[in-house]
Structure formats: structure tokens, C-alpha cells
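S.K.: Generate coordinates for the sequence data below:
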Amino acid sequence: MKQKATIALFLVTIVWGWTFIWLKNALDASAPYITGNQTNIVATLFVTLRFSIAVILFFLIFPSIRKEIRGFQVWHDGMILALLMTGGFVFQMIGLEGISPAVSAFLTSLYVLFTALILAWHAGKLQSRALLIGVVLATIGAGYIQGPPELHYDIAEWLTILCALMFAGHIIATDIVTKRVSPIGVTFTSIALSTLMCILLFNIFLFRDVGKVDIVGLVAEKDFLYPLLLSSVFGTFGALCLVNYFQKYLDPVRAAILYSLEPVWATILAITFDMTAFMKSAITPTQWSLVVCLKYHKQPLILLRFHS
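M.R.: From the prediction side, this is the model:
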């Protein structure tokens, strides 16, 4: 089963790599429907709809989902996953207002290291030498994909480090909760609750930003709708079902190292589709089923992915 789990999570990283291409296409399609710099609104709308469609898919594909989500525990565990995921996003978002995408990418990539340290602290011993080497290489590889980051240790950087801690917590929590409740049930509850949180964030962005967004026209645009459907079906519904079913068969540290392959696939696909300029300014080390694109104070574009 470990071999199957490794293959499944490996395939998930490929799908999540594709979500960069789909999101880029959706963002390009949004230009005629927005005024001013409102990439954050469009991206949050994309994510909200992506999760909402995934929720609908659960009812269509798993008719028994109503039985799977009965009881307090499955909603309790879903809330834990949703809070860790959305909390990591919020801290990362706030941190981006004061640091560059390269620094954010490096600090967020620390989730691999934090996953190993938290588990070592809990177990009272370090992981194997081979696994620790993998942790270091994954962290350096994800963090230095844009070159050496410049650190100043200000509040924005500490908030981003807190974001990495929450992402590490999400990986560990996924390992725990999927062993005590239905993986399909907790996948549904975490996505449903994350959708509600994203709706709140979307409204906050609408309140903060000046300008208009033609939401109806944008959603009806096929170049926005098709990437949205692909991301919903494969990047959220399919990928998260695989993650929540198979990750429990692997050590969380091994899973974290596997997830760090996502930016590798994203870079390969960007080169293949001649999007290298986009990827140079849009790199994420985080591997979450929720993709959000933000742009602040004329900083380069950066993609952030939520793990569930």
C-alpha cells in the first residue's frame, strides 16, 4: 500500500503543477472584466467557485456522502483542516505585503522542515538520516528556485514562518484525522468549510479594493470557465480524495517531501507552454488544493496553493 500511496501522491503533485497553467489562463481571461489591480479578487473568486463545484461533485459522485458526514467528529476534524489551511493562507497573504515572492517562497518551504521537527519532538527522536537529507534538499530546492532569498527578520517574515507552521500542521493533521474518520467524509467537510471561509475572504477583498469586477461576465467567459472546471474536478476533488485516502499510509515527512515536487512540475510545464516569465514571478512551495493568486503594491505575481 505504501507504494500505491507514493504513486498516488506523486500523481497529485503533477495535477497541482497543472493548476498553475489553468490559473494563468483564467487570470489572462479576466482582464476585460476588471478595472484596476484586482487580481486578488479574481483569484479568490476562482478558488471559491473551485471549491463550491467540488462540493457539488461529492453529491453527484458519492450518493452516500450524507452518511459519511453524519456526526460531530467528521465536522470537527474537517474544521481543523480548514482552519489550518485557511489560516496559513491568511498569514502568507499578510506577509506578502511586506516581503518579496522569493522570500515568501523560501520561508513557506520551511513547512517540510517543520513537519519533520514537530514529529521528531512528538516521538522524542529524529527521523532517519536519509529522510532528514530529503527534508533539507526539499527545503533548499523549493526555497532557492528563484535564487537566494534576502532575509531581514521583520514582522512580515515571521508571519510567513507562522504560515509554514500551519501548513506543516495541516499535513500532520491530515495523517491523524484520516485514520479516525472517513477520508471521503472529512475531505467533504474540510472543502465545504473552506468554501465558507473563502466566501468571507472574497467579500473582504471586495470591501477593501476600489474598482469593479464583472463577476457574471467573467464566469460566463469560456477561457475562465474551462480552467475553473479542470481545477475543480482534478485539482480539488480528485487530488484531495487521493491525498486524504492515501497519505495516511505514508510518514507525514515523506508526504511533505513528495508535495515539494509540485513547483518542479509547475516549472517544467511553464517551460513547455512558454510561461517562464510568469513562473519567475509566480512560484509557490506550498502544496495545497486551494490556489490563490495575489498582487500587492506592484510586487510580482505569486501563486499560493492550499493543501486541501
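
S.K.: Next, the contact list for D223, please.
M.R.: With contacts defined as C-beta atoms under 8 Å, 6 or more residues apart in numbering, D223 is in contact with 25-26, 28-29. For the C-beta atoms, the positions are set from N, CA and C on the backbone; glycine is no exception.

S.K.: Quick check: what element follows the host helix or strand of F106 along the chain?
M.R.: Per DSSP states H and E: F106 is located in helix 101-108. Counting by DSSP H and E, the next helix or strand C-terminal to helix 101-108 is helix 111-123.

S.K.: List the buried residues in that next one.
M.R.: The neighbour-count check on helix 111-123 (16 or more other C-beta atoms under 10 Å) flags 111-119 as buried.

S.K.: same check, this time on stretch 187-197
M.R.: For stretch 187-197, using 16+ other C-beta under 10 Å, the buried residues are 187-195, 197.

S.K.: for the protein, what helix or strand is lowest in average pLDDT?
M.R.: strand 290-294 (a mean of 32; mean pLDDT, DSSP states H and E).

S.K.: Once you drop chain neighbours, what's closest to V181?
M.R.: In space, V181 comes closest to V74 once its chain neighbours are excluded; the distance is 4.7 Å by C-beta to C-beta, 6 or more residues apart in numbering.

S.K.: quick one: that neighbour and I171, what's the gap?
M.R.: Per C-beta to C-beta, to the nearest Å, V74 is found 19 Å from I171.

S.K.: Equivalent analysis for L200, please.
M.R.: According to C-beta to C-beta, L200 and I171 sit 24 Å apart.

S.K.: The stretch 151-300 of the chain: helices as residue ranges?
M.R.: According to DSSP state H, counting those that start in this stretch, the stretch 151-300 of the chain carries its helices in the segments 155-177, 183-208, 215-220, 222-230, 239-246, 252-259, 262-272, 276-280.

S.K.: Tell me which of the ones you listed lies nearest to I99.
M.R.: Closest of those to I99 is helix 155-177, at 4.6 Å (criterion: C-beta to C-beta).

S.K.: And that closest one, what's buried?
M.R.: Neighbour-count burial for helix 155-177, counted by 16+ other C-beta under 10 Å, picks out 156-157, 159-175, 177.

S.K.: Need the CA coordinates for it. PDB is fine.
M.R.: What follows is helix 155-177, C-alpha atoms only, in PDB (Å, rounded to 0.1, in the frame of the first residue of the first chain):
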ATOM      1  CA  ILE A 155       7.200  41.000  11.100                       C
ATOM      2  CA  ALA A 156       6.200  40.000   7.600                       C
ATOM      3  CA  GLU A 157       8.800  37.300   7.600                       C
ATOM      4  CA  TRP A 158       7.700  36.000  11.000                       C
ATOM      5  CA  LEU A 159       4.100  35.800   9.800                       C
ATOM      6  CA  THR A 160       5.200  33.800   6.800                       C
ATOM      7  CA  ILE A 161       7.100  31.400   9.100                       C
ATOM      8  CA  LEU A 162       3.800  31.000  11.000                       C
ATOM      9  CA  CYS A 163       2.100  30.200   7.700                       C
ATOM     10  CA  ALA A 164       4.700  27.400   7.200                       C
ATOM     11  CA  LEU A 165       3.900  26.100  10.600                       C
ATOM     12  CA  MET A 166       0.200  25.900   9.900                       C
ATOM     13  CA  PHE A 167       0.900  24.200   6.600                       C
ATOM     14  CA  ALA A 168       3.000  21.600   8.400                       C
ATOM     15  CA  GLY A 169       0.200  21.200  10.900                       C
ATOM     16  CA  HIS A 170      -2.200  20.600   8.100                       C
ATOM     17  CA  ILE A 171       0.000  17.700   6.800                       C
ATOM     18  CA  ILE A 172       0.200  16.100  10.200                       C
ATOM     19  CA  ALA A 173      -3.500  16.700  11.000                       C
ATOM     20  CA  THR A 174      -4.400  15.000   7.700                       C
ATOM     21  CA  ASP A 175      -2.400  12.000   8.700                       C
ATOM     22  CA  ILE A 176      -4.200  11.900  12.100                       C
ATOM     23  CA  VAL A 177      -7.800  12.600  11.100                       C
END
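
S.K.: begin at 557 from here
M.R.: Happy to do that; since the first residue is 557 now, the last one works out to helix 711-733.

S.K.: Spell out the residue ranges of the helices in the stretch 557-706 of the chain.
M.R.: Ranges of helices in the stretch 557-706 of the chain, per DSSP H, counting those that start in this stretch, are 558-586, 595-617, 621-624, 628-651, 657-664, 667-679, 685-699.

S.K.: First-to-last residue distance for stretch 764-777?
M.R.: End-to-end span of stretch 764-777 (C-alpha to C-alpha, to the nearest Å): 25 Å.

S.K.: Name the nearest of the buried residues of helix 667-679 relative to Q803.
M.R.: Among the buried residues of helix 667-679, T671 lies closest to Q803 (C-beta to C-beta), at 11.8 Å.

S.K.: Many thanks, we can stop here.
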